[in-house]
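**Q** predicted coordinates and the sequence they were generated for:
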Amino acid sequence: MGKHPLPKGFLAGGIHCGMKKKRKDLALIFSRKRCKVAALFTTNAAKAAPVIHAQRQLARNGGARAVVINSGNANCMTGARGLKDARKTAGMLAELLGLGKEDVLVSSTGIIGQFLPMKILGEGLPRLVESISSKGLADAADGIMTTDSFRKISSRSFDIGGKKVRLTGIAKGAGMVKPDMATMLSYIMTDAEISREALKKALRSASEVSFNAMTVDGDMSTNDTVMLLANGEAGNRKISEKGKDLELFLKNLSALCRDLAKMIVRDGEGASKFIEVRVKGAKKKADAKRIAGSIADSLLVKCAVLGGDPNWGRIASSAGASGVKFDPGRMEITLDGVTFFRDGKVARNVDRKASSVFKKKNVRIEVNLHSGRENAVYYSCDISKKYITLNSFYTT
């Protein structure tokens, strides 16, 4: 079943149907049993039709058995016709699978402002249904990619009351990435028996330390979607909103989501270096995260990392521009293990030009405010001419 087996009762698949020239562009996730579904969507006011459709479906039903995802076309800014096409897609797939249309969710990613090619989609759906299997996860992960350079898959397994529980997720994302939500699609499956409220609580919490703690270029998309589907086939005792079982589930879900988030950042368009920004010693958790996000989003910091210049002044400036009140004289700035500023003074024993800081593919920025006990981590990447070139010619 491969390195990342699907949880019990799930099948997946992906095909090329013709929305893109060569790469797979259509994916399906299917469960033999109806799933409870927790989901998070873009906060962008310009929401795509499939996002609106999925939000309405889940508000009415709270569950599903299948999710169909197309890439190459966002079905966004397409008005009433876009919503009609999303509903029609769900209906066509439901008929092929022998389900009610309320059991099918739809997602899209790709170019904004174009109508879905429904004839191409209609011809591809039967082949998509035929493609699904317990070994089809990699094809599904390929089917949701746009400018991604590699598929993104992660999984975890753990025991609850002597029953093995599995979590497996796929994601796409490389550009137009900004938190709340980041520009991405992610679908996470679990065979855990868990209450819907616990499922929603776990997804919100896990996303805060992963999908909502990463940035590539500071631009928010219109189609961002994270779905967590649970079919209960593991047969474990039911996980409720409190207790050790939920803590264990959340620990593994958070680890899986961080894996996927890091993959998205590492695959940032034109990126050559992965940046981890860690802020410590804040009075409030929200303050630590806000400062970390300000540093991670800074184009000047990204450029410094690209050029291998340990320009700690840009980091101090970004922290100060975050809107969080703190004493800059107490701030400590450490880059790749080398401290450049501490106790209100510049470190005199560090030669910036001769330093090896920011020269490797993995870069670490640490800021200690020395004003509290809270901390936060953000994931980011450098930005290069390649990003500009790619996005100068890529129609969105």
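**A** Cool, got the structure.

**Q** where does the stretch 251-396 of the chain dip in pLDDT?
**A** Filtered on pLDDT under 70, the stretch 251-396 of the chain yields the residue ranges 269-270, 352-354, 386-396.

**Q** change it to 50
**A** The model of the stretch 251-396 of the chain has pLDDT under 50 over residues 396.

**Q** strands of the protein, start to end?
**A** Shown for the chain, the strands assigned by DSSP state E span residues 10-15, 26-41, 63-73, 104-111, 152-160, 163-172, 185-190, 225-230, 274-282, 332-335, 338-342, 345-346, 362-368, 374-381.

**Q** from Ala59, how far off is the residue most central in space within the chain?
**A** Computing the C-alpha centroid of the chain and ranking residues by CA atoms, centre = their mean puts Phe211 first, at 4.4 Å. Per CB to CB, to the nearest Å, Phe211 is found 21 Å from Ala59. (C-beta placed from N, C-alpha, C; glycine too.)

**Q** what of Glu233?
**A** Applying CB to CB, the value for Glu233 to Ala59 is 25 Å.

**Q** okay, these two: which has more neighbours?
**A** Glu233 (20 against 8; other CB atoms under 10 Å).

**Q** now the more buried one: how far from Leu256?
**A** According to CB to CB, Glu233 and Leu256 sit 18 Å apart.

**Q** what of Leu40?
**A** Counting by CB to CB - Leu40 and Leu256 are separated by 15 Å.

**Q** looking at the two, which one has more neighbours?
**A** Higher neighbour count among Leu40 and Leu256: Leu256, with 23 against 19, using other CB under 10 Å.

**Q** and the helices in the stretch 1-150 of the chain, which stretches?
**A** Secondary structure of the stretch 1-150 of the chain (DSSP state H, counting those that start in this stretch): helices at 49-61, 79-97, 118-131, 137-143.

**Q** pick the most buried one from the ones you listed.
**A** For those, the largest average neighbour count (mean count of other CB atoms under 10 Å) is found in helix 137-143, namely a mean of 25.

**Q** from the middle of its chain, how far away would it be?
**A** A distance of 16 Å separates the centroid of the chain from that of helix 137-143, by CA atoms, centre = their mean, to the nearest Å.

**Q** quick check: which helices or strands does that helix pack against?
**A** In this structure, helix 137-143 packs against strand 10-15, strand 26-41, strand 63-73, strand 152-160, strand 163-172, with contacts taken as 3 or more CB pairs under 8 Å, 6 or more residues apart in numbering; DSSP states H and E.

**Q** what's the closest of those strands to Ser131?
**A** Checking these against Ser131 by CB to CB gives strand 10-15 as the closest, at 3.5 Å.

**Q** could I have the CA atoms of the closest one written out in CSV?
**A** As requested, the backbone C-alpha atoms of strand 10-15 are provided in CSV (Å, rounded to 0.1, in the frame of the first residue of the first chain):
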residue,chain,number,x,y,z
PHE,A,10,-11.1,5.3,1.7
LEU,A,11,-10.3,5.1,-2.0
ALA,A,12,-8.6,7.8,-4.2
GLY,A,13,-7.6,8.4,-7.8
GLY,A,14,-6.5,11.0,-10.3
ILE,A,15,-6.5,11.4,-14.1
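
**Q** what is it packed up against?
**A** Strand 10-15 packs on strand 26-41, helix 118-131, helix 137-143, going by 3+ CB pairs under 8 Å, 6+ apart.

**Q** so which of the ones you listed is nearest Ala202?
**A** strand 26-41 (7.4 Å).

**Q** how close does Arg81 sit to Asp159?
**A** Applying CB to CB to Arg81 and Asp159 gives a distance of 49 Å.

**Q** would CSV of the helices and strands packed on strand 10-15 with distance to Asp297 and mean pLDDT be doable?
**A** As requested, the helices and strands packed on strand 10-15 are exported to CSV (distance: least, CB to CB, whole Å; pLDDT from 0 to 100):
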stretch, distance to Asp297, mean pLDDT
strand 26-41, 20, 97
helix 118-131, 36, 97
helix 137-143, 27, 97
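
**Q** so which of those gets nearest Leu99?
**A** For the helices and strands packed on strand 10-15, the distance to Leu99 is smallest for strand 26-41, at 9.2 Å, taking CB to CB.

**Q** could you give the angle of that closest one to helix 49-61?
**A** Counting by axes from the mean of the first three to the mean of the last three CA atoms, to 10 degrees, strand 26-41 lies at 70 degrees to helix 49-61.

**Q** per the record, what domains does the protein have?
**A** When the chain is parsed with automatic domain parsing, its domains come out as 10-266, 274-393.

**Q** to Ala282, which of the helices and strands packed on strand 10-15 lies closest?
**A** Distance to Ala282, taken as CB to CB, is lowest for strand 26-41 among the helices and strands packed on strand 10-15, at 24.9 Å.

**Q** just the CA atoms of the closest one, as PDB, please.
**A** Extracted in PDB, the C-alpha atoms of strand 26-41 (Å, rounded to 0.1, in the frame of the first residue of the first chain):
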ATOM      1  CA  LEU A  26      -8.900  15.800 -11.800                       C
ATOM      2  CA  ALA A  27      -8.900  13.900  -8.500                       C
ATOM      3  CA  LEU A  28     -11.300  12.000  -6.400                       C
ATOM      4  CA  ILE A  29     -11.500  11.000  -2.700                       C
ATOM      5  CA  PHE A  30     -14.200   8.500  -1.800                       C
ATOM      6  CA  SER A  31     -15.300   6.800   1.400                       C
ATOM      7  CA  ARG A  32     -17.300   3.600   1.600                       C
ATOM      8  CA  LYS A  33     -19.100   5.100   4.600                       C
ATOM      9  CA  ARG A  34     -20.400   8.600   5.100                       C
ATOM     10  CA  CYS A  35     -17.900  10.900   6.700                       C
ATOM     11  CA  LYS A  36     -18.200  13.600   9.200                       C
ATOM     12  CA  VAL A  37     -16.400  16.600   7.700                       C
ATOM     13  CA  ALA A  38     -14.700  19.600   9.300                       C
ATOM     14  CA  ALA A  39     -13.500  22.300   6.900                       C
ATOM     15  CA  LEU A  40     -11.800  25.700   6.700                       C
ATOM     16  CA  PHE A  41     -12.100  28.000   3.700                       C
END
